[in-house]
Structures are given as C-alpha cells and as structure tokens.
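Pasting a predicted model and its sequence here:
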Protein chains: 2
Amino acid sequence: MNFSLSTNVLLNSLLISQKALSNKTPAPYLQGIKMEVTPKEVILITSNSDISIKLSIKDDSLVVESSGEILVPGKFFVDIIRKLEGDRIELSVVDNNSLRMVAGDSDISLNLLNVDDFPELDFPLNDEPIKIDSKIMKAIIHQTTFATSAIENRPILTGVNIRVEGEKLTAIATDSFRLSQKMIEIPKNMESMNVVIPGRSLDELGRILEMNLDEILIHLNHKSILFEYGNILFQSRLLDGNFPETSRLIPTEFPIIIKFNKERLASSIDRASLLSSKESSSSIVKLNLRNDNIVEITSNSPELGKVTEKVYPLEKAIGMPIKIAFSSKYFNDALKTFNSEEVYVKFTGEIRPFVIEGDLDPGVIQLILPVRTE
Amino acid sequence: MNFSLSTNVLLNSLLISQKALSNKTPAPYLQGIKMEVTPKEVILITSNSDISIKLSIKDDSLVVESSGEILVPGKFFVDIIRKLEGDRIELSVVDNNSLRMVAGDSDISLNLLNVDDFPELDFPLNDEPIKIDSKIMKAIIHQTTFATSAIENRPILTGVNIRVEGEKLTAIATDSFRLSQKMIEIPKNMESMNVVIPGRSLDELGRILEMNLDEILIHLNHKSILFEYGNILFQSRLLDGNFPETSRLIPTEFPIIIKFNKERLASSIDRASLLSSKESSSSIVKLNLRNDNIVEITSNSPELGKVTEKVYPLEKAIGMPIKIAFSSKYFNDALKTFNSEEVYVKFTGEIRPFVIEGDLDPGVIQLILPVRTE
C-alpha cells in the first residue's frame, strides 16, 4: 500500500472519522481506524458501541501507487497528522506491520494493528431515503438532544424519538422533568418511521454537520439508522423499547402568555440562580407576574441571601397574575435553543407544565415542569 | 455602611482580590473578602495560607454615604458583581447582617460573615524598597516559576530563590532535573536579600501584573515579602530553609553550540514526543548533531513506532557531533519562555547538563539535565 495526498484533506477527514473512535474499550481494534486504499479512493472506517462512520476521500490531490487495507491506531494517527508540517504526505506500508508517513522534514513510522480483528461493518443504503436540509437536521439536534436523560435508569429516555407520519417529522426528547419537541414538514409519501436514536449519537452527528452541503439523507434499517451526508456515512444503533406517549403532556390552551426579550430574561434568571437553594442539584427560582405587568424573578436561600430581579414584558401580558417556581437550569437550557430574540412563555396554571415558543423557531416547543414550593 | 460606585471598577478590583481567596479551607472567614469603607476609599482585603492582598479603590465614581467594615462571602460576591447589569451599583448594610446591592433591575441581598473572625493582617512597608520595572518582574516570573518542583518532598524547591547582591538580582528555580535562572541589573545600594518565594505566589502575582504601571516596589520583611503595585499590596509568605547552591551546576564552557529557529525546533520535538517511550511520565527524545550539520530529533518506542525529524541549524554548528537524550517536555517548557525567535543550545558533553539561551533574552539561562539511554 502506497499513496499520497494533501495533508489537510487527510486531517479534515480524520477529524470526522475520530468521532466514532472508542477511547476506552477492552477491544483495542475499536481504537483503530480502518483504511481501505483503492486506485480511486481512500475509505476510512471507525466504529464504537454507538456509532460507525464510513468516509470516502476522493480528492484531486490523491495519488495511489498501490492498494491495500490496514488498521491504524486511531488516536496516535490523528495526533501525528494534526501536528505534521508539509502540504503533502506520503503514506506506505513497511514490513507489513508499520505505516510510514513522510511529510516536510518528518519521517514517522507507526506500528499497525491487525486489520483482520476489525469487524465487518455493513452500511446499507435504501432506495428511498428521507431527505432533510442539513441545517434543519442540525437545528433538530440542537433543539432536542439537550433534554434527553443523562441517567441510564430509563434507557429509552437517553434517546431522541423521531417519528415520520404523513408529511410531518417530529423529534421529541424528555427526561421526565422537561420536554423538547421540534416538528417539521417533509415531502409527501415518505415511509412512516418511529425510532429512538441515542442522544449522544445525534450530538456527534451535529458536530459533523458543519460543512455547507444542502441535504442529509436518512436511511432506516431494522436495528440502525444511517445518515448519508456527502461522502460520509454515519450509522447509529437504535434504542429498544417504547418511547412514552407525550402528546397529552403538552397543554393546548394557555390562559396566561408573557412575551419577553430572551437575553434579558436569561440573564435575570441566571442572576437569581446565584443565591437559590439547591433542590436535586438544580437551582430553583420563582417567577411572579404582578398586576402592574412587571415580572419578578426571585430566589431566597436562608443561608446565602435573596435576589429580586425585575423583568419588563415586551407587551401587556395576557391573563391573570401567576406565581410559579422552576429549575433555572432547565429554563435557561431551553431558552438557549431559540433563534428568536423574543420568546413567549405560556402558562396553564401554577402547578401545570408551561411552554416556551418563539416566532423565528416554528415547530419548536420547549416544555418545563414547575416545582412545588412551600 | 452605604456607598456606590462604578460596577466595572468594583468588578476589576474584585478580580484581583479573589486571587488570595481560599476555595477550600476549614476556616470560612478565609473565603471572605473584608471591605473597609471610609469617606475616601474602599479597601478590599483577602488572605489565604500563601498570600494576602490589600487593594484600595479610590475612584472618581465612588460616593460614600456612611463608613463601615464588613466580611462578604467572596465567591458569591464576585459571581454576583460579575453578572450584574447597570453601570452603577449601590451597596448598603441591612440589619447588620446582610449586604444589599442594587444595580439595574437587580436587588440582591447577600448574608454577611462575621468581620471579627477575619485575622488582623499587617502589610508593612519599608522606607527603601527595591524598585523593578513591572514588565521585568513579569518576565522573571514567566521564565522561572515553571521550573519549580510540583512535589512537596523538598518544599524549598517549590519556591523561586531571589537574591540581591550588589547591582545584581538573580532569580533561580529548579526541580533538580532542570534549572531556570534570570539575572537582571538593578540600581546600586539596594539592601542584600536572599529569599525563597513559593512559585504559586509568584504565578498569582504574575497574573496581576497586567496593568501598565511602570514599577513594582519590593518590601522585604522577616517572614514575608510584599510587592507594592499601584493601589495593590500583594504579600507572600517565604519558604524556610536553604536553597541549594546552584552556581556550580551551570557549565561555563560549551564546546558545542547549535543555533536554531525556536518554533521549528519546538514543533520537531513536539512531533518526536508523540511516539516516545515514557520514562517517569515524561517523553524522552534524542538529539543527534550529524557531521553534515543536520540535526536529527528522534524517538523510538517498540510498541508504538518511531519518528525521525530533521532540523536545519541556522548556522554551521560549533563543535563535534553529539548525541544526547532529554525530556521533550522540559525542553519545550524552557523554549516557550524565550522572546527570542532564534535560540542557542549549548552542550558540554553527552551526559552533562546543557543550556538554552537567546539573544533577545539577556540574563536568561534555561538548563536541562540529559537522560541516559541504553
């Protein structure tokens, strides 16, 4: 095996491939990057317990002298390529057990892993994948995965539920204290789908969706889901089990609606959280819509002190005065996902879930359960 | 107590004061900031086991309604002031046990600590302090403290030895594997001095020396050293014991001298360290000056692989070929302290300490002990 290409092209590909590398694994081959070199392309394959990535390099700078298949220790390989100087790099296998890299004034040989240890991975493509604008896919990920559960006692809640029905795709995440939902319209005649994708897999996918490609194709299979994005195939396992039915959790009538400037509301809640008593590791603050249309955000800790923040709604609030308490972290996590500078906080009652919405974020609902106090 | 001032002025002062706050201490009062408000100034005092800081705020924005003395929980106070909006802040003591802060739309009350618990601290000033340009003091710190020992089995080596003799001030740090020395000329007739200052204290002092004041005044006392810098008094304890006599460690004759571009040398050593075997947690690389005036930096690990880097000296090297092995970390730590783009590496022999010097860094010697291999 012997080929050369632009160092930067190789590096940028590796920075994507490494997202599926295992750092800690009893299986050393999962710390490896499989390289398949053919006369026309170099394929990089990586895999861990959640995701597998297959990436094809077909760059003008690529010159293949001879083909081959090797398994390279991933972390060392990426570190070396990252630090190399020299625009071009030549790679060749020496003595069947070592990858020699020559670039600039560097001559580096890296011992190889046994390529036969690497599992055979299938990346099955369907004939009729679902097509989504990659910017919308990135938004779906950004606006839902943060609300998945971090604890594993209900594994299904560590994932994001994605459903396709008719012309609607709905993504839902909940840790049972809050819920994030994003709904988009898709072309007709897509096959129905109802899967739960690990939140961590989607986070990694979101980090890859930085290039400016228009579309991402979604291929659904029995036990896995495969995202096709340019020259990248990104496959994730699915979570087993039934995602809870959440549609009835979201109130449909909101007698109280307050319109806020998002940044001002967020910084008031942030300050109020500084001196709040801690309940189950999250800081509880209270929101109080007064008769004079001023909103007070308050916290009070007998040991530390107390905070009163005044926030002025952007318009006369709709509905009665209300007092409600909630986790400042959940609230500000949700606020951060909005593109809108102005948001609506909509209440049903003092002990009922409330939602946040924004004009520039169609289809997005962030729901938070209040906390009972006193 | 009741006063008001610019929020930013208070914040910038607190960011300095907090460097002497204890985070973890069995004495809660050491997590406090003592504020002394008089008609003309606000004084902030903080102290931990190593350092004490006394800072005076005499800003045009300061308006004192009534004087007083309080002890504020440091971390909470800094966090609140950092996050406040509003150009001006009003502070007043309420019910003798709470500090009320009003700024912008925020109204925050922070419970106070008992000011009587805070120790009486003395910040004694001498009549004839040593004067040093603050940029030079910053350089002394930057070029020596990194070489102090991080382990406590020889406590004296966790400090930097500072000596004043005649017209010379010398700062020396060593962890017994490397040594950093910076010598500067000072005005005549300064009192002699030979003290060891904890490296951590100097690191904190270095972070404060960002303002553009010309001079720092050094006041030496029996058990402590006090740096006077504008409106800041920064006092550190001294380490007990005798600092080792290091002058004979530094070779005076160098039969082999190689001139390098600093960045190129550093990046070659960095790459070579990627695949080096680890000895006592530091990566060992070899430097080989060949007969053809090319320098090879190499590493070789049977498990991982090997690296050969070629580096071209900037001039014909002086002296014989040499092969020498050393810690890549120690070498690059030392290189980073140079302002010079070109450095001289000067050798006495293959198992003798070697030094690095640079034209733009007069008075600086970085010495490294080689490692025996094979």
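Here it is on my side, so go on.

Next, count neighbours for A:E185.
11 (other C-beta atoms under 10 Å in any protein chain shown). All C-beta atoms are positioned from the backbone trio N, CA, C, and that covers glycine.

tell me the secondary structure for the residue nearest to A:G166 when sequence neighbours are not counted?
Among residues not flanking A:G166 along the chain, A:K188 sits closest, at 7.6 Å (C-beta to C-beta, 6 or more residues apart in numbering or on different chains). Here A:K188 is coil, with the state taken from DSSP: H, G, I helix; E, B strand; the rest coil.

how about the residues of the stretch 201-350 of chain A near chain B?
Proximity of the stretch 201-350 of chain A to chain B (C-beta under 8 Å from any C-beta of the partner chain) is limited to residues A:267-268, A:270-271, A:274-275, A:303-312.

just the buried members of those residues?
A:267-268, A:270-271, A:274-275, A:304-309, A:311 (16 or more other C-beta atoms under 10 Å in any protein chain shown).

CSV for those, including distance to B:K336 and secondary structure?
Output for those, formatted as CSV (distance: C-beta to C-beta, whole Å; DSSP: H, G, I helix; E, B strand; the rest coil):
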residue, distance to B:K336, secondary structure
A:S267, 38, helix
A:S268, 43, helix
A:D270, 37, helix
A:R271, 39, helix
A:L274, 37, helix
A:L275, 42, coil
A:L304, 42, coil
A:G305, 44, strand
A:K306, 47, strand
A:V307, 44, strand
A:T308, 49, strand
A:E309, 45, strand
A:V311, 48, strand
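
Would you quantify the distance from A:L179 to A:L11?
40 Å (C-beta to C-beta, to the nearest Å).

More neighbours: which of the two?
A:L179 (23 against 16).

which SS class is that one?
Classification of A:L179 using three-state DSSP returns strand.

I'd say it and A:S247 touch.
No: judged on C-beta atoms under 8 Å, A:L179 makes no contact with A:S247 at a distance of 10.4 Å.

thinking again about what came up before, now that we have the buried ones among the residues of the stretch 201-350 of chain A next to chain B, can you turn them into JSON lines and tack on distance to A:N221 and pLDDT?
Converted to JSON lines, these look like this (distance: C-beta to C-beta, whole Å; pLDDT from 0 to 100):
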{"residue": "A:S267", "distance to A:N221": "45", "pLDDT": "97"}
{"residue": "A:S268", "distance to A:N221": "47", "pLDDT": "98"}
{"residue": "A:D270", "distance to A:N221": "43", "pLDDT": "96"}
{"residue": "A:R271", "distance to A:N221": "49", "pLDDT": "96"}
{"residue": "A:L274", "distance to A:N221": "48", "pLDDT": "93"}
{"residue": "A:L275", "distance to A:N221": "51", "pLDDT": "91"}
{"residue": "A:L304", "distance to A:N221": "53", "pLDDT": "92"}
{"residue": "A:G305", "distance to A:N221": "56", "pLDDT": "95"}
{"residue": "A:K306", "distance to A:N221": "55", "pLDDT": "96"}
{"residue": "A:V307", "distance to A:N221": "52", "pLDDT": "97"}
{"residue": "A:T308", "distance to A:N221": "55", "pLDDT": "98"}
{"residue": "A:E309", "distance to A:N221": "50", "pLDDT": "98"}
{"residue": "A:V311", "distance to A:N221": "49", "pLDDT": "98"}
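
The residue nearest to A:G166: neighbouring residues, count only.
A:K188 has 7 nearby residues by other C-beta under 10 Å.

how near is it to B:L289?
A:K188 is 73 Å from B:L289, by C-beta to C-beta.

just A:E263 next, same as before
Applying C-beta to C-beta, the value for A:E263 to B:L289 is 60 Å.

how about stretch A:16-32: buried residues?
Neighbour-count burial for stretch A:16-32 [16+ other C-beta under 10 Å]: A:16-22, A:29-32.

Most widely separated two among those residues?
A:I16 and A:Y29 (19.6 Å; C-beta to C-beta).

bridging residues for the closest residue to A:L265 other than its chain neighbours?
Once flanking residues are discounted, A:L265 sits nearest to A:V311: 5.8 Å by C-beta to C-beta, 6+ apart. In this entry, A:V311 is beta-bridged to A:V295, by DSSP bridges.

so what's A:V311 up against?
A:260, A:264-265, A:268, A:294-297, B:105 (C-beta atoms under 8 Å, 6 or more residues apart in numbering or on different chains).

try 7 Å
Residues in contact with A:V311 (C-beta atoms under 7 Å, 6 or more residues apart in numbering or on different chains) are A:260, A:264-265, A:268, A:295, A:297, B:105.

Equivalent analysis for A:I284, please.
Per C-beta under 7 Å, 6+ apart, neighbours of A:I284: A:276-277, A:325-327, A:371, A:373.

Tell me which two in those are the farthest apart.
A:S277 and A:F326 (13.6 Å).

moving C-terminal of the helix or strand bottoming out on mean pLDDT in chain A, what's the next helix or strand?
Using mean pLDDT, DSSP states H and E, strand A:278-279 stands out as the lowest-scoring helix or strand of chain A, at a mean of 60. Next helix or strand after strand A:278-279 toward the C-terminus (DSSP states H and E): strand A:282-289.

Give the ChimeraX command for selecting the buried subset of the contacts of A:I284.
Selection command for ChimeraX covering only the buried members of these, criterion 16+ other C-beta under 10 Å:
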select /A:276,325,326,327,371
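
Check the contacts of A:I284 against chain B and report the nearest one.
Chain B has its nearest neighbour among those in A:S276, at 11.6 Å by C-beta to the nearest C-beta.

So what pairs up with the closest residue to that closest one other than its chain neighbours in the strands?
Of all residues not flanking A:S276 in the chain, A:S299 sits nearest, at 3.6 Å (C-beta to C-beta, 6+ apart). Here A:S299 sits in beta bridges with A:V307, going by DSSP bridges.

between the buried residues of stretch A:16-32, which is nearest A:K223?
The closest of the buried residues of stretch A:16-32, once distances to A:K223 are taken by C-beta to C-beta, is A:A20, at 16.8 Å.

Got the confidence number for that closest one?
For A:A20, the pLDDT comes out at 95.

Please enumerate the helices of the stretch 151-300 of chain A.
Ranges of helices in the stretch 151-300 of chain A, per DSSP state H, counting those that start in this stretch, are A:199-208, A:262-274.

okay, the ones you listed in CSV with distance to A:L91 next?
Shown next, in CSV, are the helices of the stretch 151-300 of chain A (distance: least, C-beta to C-beta, whole Å):
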stretch, distance to A:L91
helix A:199-208, 24
helix A:262-274, 49
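
bridging residues for the residue lying closest to A:A317 once chain neighbours are set aside?
Sequence neighbours aside, A:I258 is the residue nearest to A:A317 in space, at 4.4 Å (criterion: C-beta to C-beta, 6+ apart). Taking DSSP bridges, one obtains A:V345 as the residues bridged to A:I258.

Could you give the bridge partners of A:E228?
A:L217, A:L233.

which residues does it contact?
By C-beta under 7 Å, 6+ apart, A:E228 lies in contact with A:125, A:129, A:216-217, A:219.

And for A:N291?
A:N291 touches A:P321, counting by C-beta under 7 Å, 6+ apart.

Now do it against chain B, distance only.
Distance, A:N291 to chain B, by C-beta to the nearest C-beta, to the nearest Å: 18 Å.
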